[in-house]
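Engineer: A predicted structure for the sequence below; I have some questions about it.
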Amino acid sequence: MKSLNVPMIVDSSSWWDKAVEVPNIDHEPAGHATWLWDHPSVFDTDHDETLLFVETGRGVTRCGTADDFSQDVLFENVPMGYTSLTLLEKRAVVMGGRVSRLWPGERRTQGYVASTVDAAGRPLGAGHDSILWQSIHRALRWSAIVPDRPFTVGAVLSSQAWH
């Protein structure tokens, strides 16, 4: 497959390199274990639609649509505590220094974050950027250093104190 020219990525870009194998990595759920249990993982690349997910200091949700993450649904499913809650649009999954999947952006963003999960399945941030391709480049560098962990790049839609 032709390689992806990362500095040329814009919000409408999409990409899928099916040769990049992304392992199923368990992560701590940000909400109740049964909430969104049948939805794609943040590291899943087998869906075509651009989906959302939530990250807190304690966990990451599975992916869903805007209706799955309305304020009422969040209050009902994500326990409050001394943490922040960030709503993200899933934009890319990176593994082993290669972009596995890139979805086009559909919403206005406050920036981009690259992240993975640690061995216990808790979120582990790799950095915040204002430009999409820079965040993907950050994820590529980190995933080459930590080759057994997939990374996501998410567009930050909102962030709030969750206590």
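Structural biologist: Structure received. Predicted, not measured: the structure shown is a model, and the values here were computed from it.
Engineer: so where's the chain uncertain?
Structural biologist: 1-2 (pLDDT under 70).
Engineer: repeat the analysis, applying 90 as the threshold.
Structural biologist: 1-3, 24-34, 57-59, 79-83, 106, 117-127, 161-163 (pLDDT under 90).
Engineer: need the three-state assignment for the residue lying closest to residue 89 once chain neighbours are set aside.
Structural biologist: Excluding its sequence neighbours, the residue lying closest to residue 89 (C-beta to C-beta, 6 or more residues apart in numbering) is residue 155, at 4.2 Å. The way it works is simple: take the backbone N, C-alpha and C, and place the C-beta from them, glycine included. Applying DSSP: H, G, I helix; E, B strand; the rest coil to residue 155 yields a three-state assignment of strand.
Engineer: what about residue 155, distance to residue 42?
Structural biologist: Taking C-beta to C-beta, to the nearest Å as the measure, residue 155 falls 13 Å from residue 42.
Engineer: what residues are shared contacts of these two?
Structural biologist: Contact criterion C-beta atoms under 8 Å, 6 or more residues apart in numbering; residues shared by residue 155 and residue 42: none found.
Engineer: understood, closing this out.
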